[in-house]
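In: sequence and predicted model, in that order:
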Amino acid sequence: RRRHPVARHGMLKTPRPLGQLFTVIGVALAVVLVSGLSVAAYATYDFATSFTKDAVVLEGQDAVPPDIGAIEGGVNLLLTGTDACEPAYAAYFGERCEGPEADEELNDVNMLLHISDEPRRVTVISFPRDLRLDIPACTNADGVDTGDTYDMLNTAYVYGQLGCVVKTISNLTGLDIQYAAKVTRGGVIEITNAIGGVEVCLASGIYDPNTGLDLEAGNYTLAGIDALQFLRTRYGVGNGGDLGRISNQQQYMSRLARKLVSEE
């Protein structure tokens with residue numbers, strides 16, 4: 001039986017206090033704020049009472065109660081990873097960050113986190129970036145209504161930034177999504193560095209000249225650009241499709257969350 005260099009599932013222990021669950025959500029939201037903030041700030045910030053401060057309303061989603069604990073049926077949060085060509089990191093990505101397409105930002109990673117009521121568990125579902133689906137009418141960065149369209153999922157951010165990604169996933173799943181956050185490639189690099197790397201396990205090796213990864217089977221603590229390329233590699237896992245990469249991403253997120261709530 002062929003073995004793949006990915007983990008099919010990543011399970012976390014069931015958190016008991018509601019505050020622990022909000023810590024995980026808080027980390028997801030904090031990834032967009034890595035510049036100038038310490039990991040200690042993530043752990044001590046009171047997200048339970050400050051969720052609505054400076055918040056942007058998600059179009060088409062139900063209003064959120066002032067007390068996050070009052071949300072019935074569990075909490076949904078969409079975590080989106082985009083390929084923004086930030087000047088400090090653009091050199092890593094060659095042609096993607098050169099020319100007319102450099103200003104285009106795509107939502108290449110789309111993870112829906114659900115925190116259930118009973119039992120209290122965290123579940124993550126990933127949506128392939130190449131999934132073709134109906135993208136609802138959204139308002140783009142220039143304030144223009146884009147109208148309904150049919151396109152790949154990873155173009156939703158172009159049509160209307162994070163709110164449009166939420167609206168698209170909400171329409172697809174029929175779920176109300178209370179919160180959303182995005183992290184850029186630079187954000188992945190910085191938050192992984194800030195916590196001293198994330199350990200991953202490879203059942204077999206990864207060789208991908210497109211990302212520069214050349215790893216034998218075994219355990220690795222990945223940080224910086226190596227961690228990002230582990231999340232990006234497609235041709236080095238499985239059959240070269242997005243599903244193998246999604247498994248890498250879920251393993252990474254599971255181990256990242258474990259480390260952030262641990263004594264480390």
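Out: Now that the structure is in, tell me what you want to look at.

In: drop to CA atoms for contacts and neighbour counts, all remaining ones
Out: Noted.

In: kindly export stretch 119-133 (C-alpha atoms) in CSV.
Out: What follows is stretch 119-133, C-alpha atoms only, in CSV (Å, rounded to 0.1, in the frame of the first residue of the first chain):
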residue,chain,number,x,y,z
PRO,A,119,-19.3,17.8,22.9
ARG,A,120,-17.0,20.8,22.9
ARG,A,121,-14.7,20.0,19.9
VAL,A,122,-12.9,21.9,17.2
THR,A,123,-13.4,20.6,13.6
VAL,A,124,-11.7,21.9,10.5
ILE,A,125,-12.9,21.5,6.9
SER,A,126,-10.7,22.6,4.0
PHE,A,127,-12.1,23.6,0.6
PRO,A,128,-9.9,23.1,-2.5
ARG,A,129,-8.8,26.4,-4.1
ASP,A,130,-9.7,25.1,-7.6
LEU,A,131,-13.3,24.2,-6.7
ARG,A,132,-15.6,25.7,-9.3
LEU,A,133,-18.7,27.2,-7.8
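
In: flag every buried residue along that stretch.
Out: Neighbour counts over stretch 119-133 (16 or more other Cα atoms under 10 Å) mark 120-122, 124, 126-129 as buried.

In: likewise for stretch 80-95?
Out: 80-85, 90.

In: I'd like those residues as TSV, with distance to V166 appended.
Out: Below are these laid out as TSV (distance: Cα to Cα, whole Å):
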residue	distance to V166
T80	9
G81	13
T82	14
D83	17
A84	18
C85	22
A90	26
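
In: put together a markdown table for those residues, with pLDDT, secondary structure and distance to S247 on each row.
Out: Shown next, in a markdown table, are these (pLDDT from 0 to 100; DSSP: H, G, I helix; E, B strand; the rest coil; distance: Cα to Cα, whole Å):
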| residue | pLDDT | secondary structure | distance to S247 |
| --- | --- | --- | --- |
| T80 | 92 | strand | 16 |
| G81 | 92 | strand | 15 |
| T82 | 93 | strand | 18 |
| D83 | 92 | coil | 19 |
| A84 | 92 | coil | 22 |
| C85 | 92 | coil | 25 |
| A90 | 88 | helix | 26 |
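
In: quickly name whichever of those residues is closest to G218.
Out: Ranked by distance to G218 (Cα to Cα), the buried residues of stretch 80-95 are led by G81 at 26.3 Å.
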